[in-house]
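K.L.:
Mind folding the following:
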Amino acid sequence: MKKRFHNFLSLGIAMIFLVLLSACAGTSRVEQLESQIQEVKNTAEEAKNTARSAQNAAASASQSAEDASIKADNAQQTANEAQQTADEALQKVDRMFEKAMSK
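P.N.:
Numbering: from 1, shown residues only. Have a look, this model is predicted:
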């Protein structure tokens with residue numbers, strides 16, 4: 001009876017050891033998965049921040065392009081006015097030359 005109890009106790013201790021060992025292995029795997037999940041979350045957050053940064057850069061570039069377009073339109077209008085003034089001055093010089101030649 002004593003030997004049987006001793007065998008039963010030894011078997012119980014071995015089973016408890018195996019249960020604890022498997023629990024530790026399971027905990028290790030869970031920690032590994034949690035670590036991988038955190039890495040994925042960090043990567044996703046970095047990608048989201050990069051996308052936001054790119055979106056802001058695109059919006060800034062779009063605004064700069066619109067500003068440049070407005071400035072180009074203004075420059076074109078100024079050039080057209082300068083051309084018109086030059087044409088008028090040329091016509092006036094031609095009239096003055098013809099008048100001077102006719103005297």
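K.L.:
where does this protein dip in pLDDT?
P.N.:
Residue ranges of the chain with pLDDT under 70: 1-12, 14-26.
K.L.:
what's the burial count for Ala57?
P.N.:
Neighbourhood size, Ala57 [other Cβ atoms under 10 Å]: 10. The way it works is simple: take the backbone N, C-alpha and C, and place the C-beta from them, glycine included.
K.L.:
Secondary structure element for the most centrally placed residue in the chain, which one?
P.N.:
With distances taken as Cα atoms, centre = their mean, the residue of the chain nearest its centroid is Ala51 (2.5 Å). Per DSSP states H and E, Ala51 falls inside helix 2-102.
K.L.:
can you give me the offset of that helix from its chain's centre?
P.N.:
Taking Cα atoms, centre = their mean, to the nearest Å, the mean C-alpha location of helix 2-102 is offset from the chain mean by 0 Å.
K.L.:
Show me what that helix is packed up against.
P.N.:
In terms of contacts (3 or more Cβ pairs under 8 Å, 6 or more residues apart in numbering; DSSP states H and E), helix 2-102 is not packed against any helix or strand.
K.L.:
OK, contacts around the residue nearest to the centre of the chain?
P.N.:
By Cβ atoms under 8 Å, 6 or more residues apart in numbering, the contact list for Ala51 is empty.
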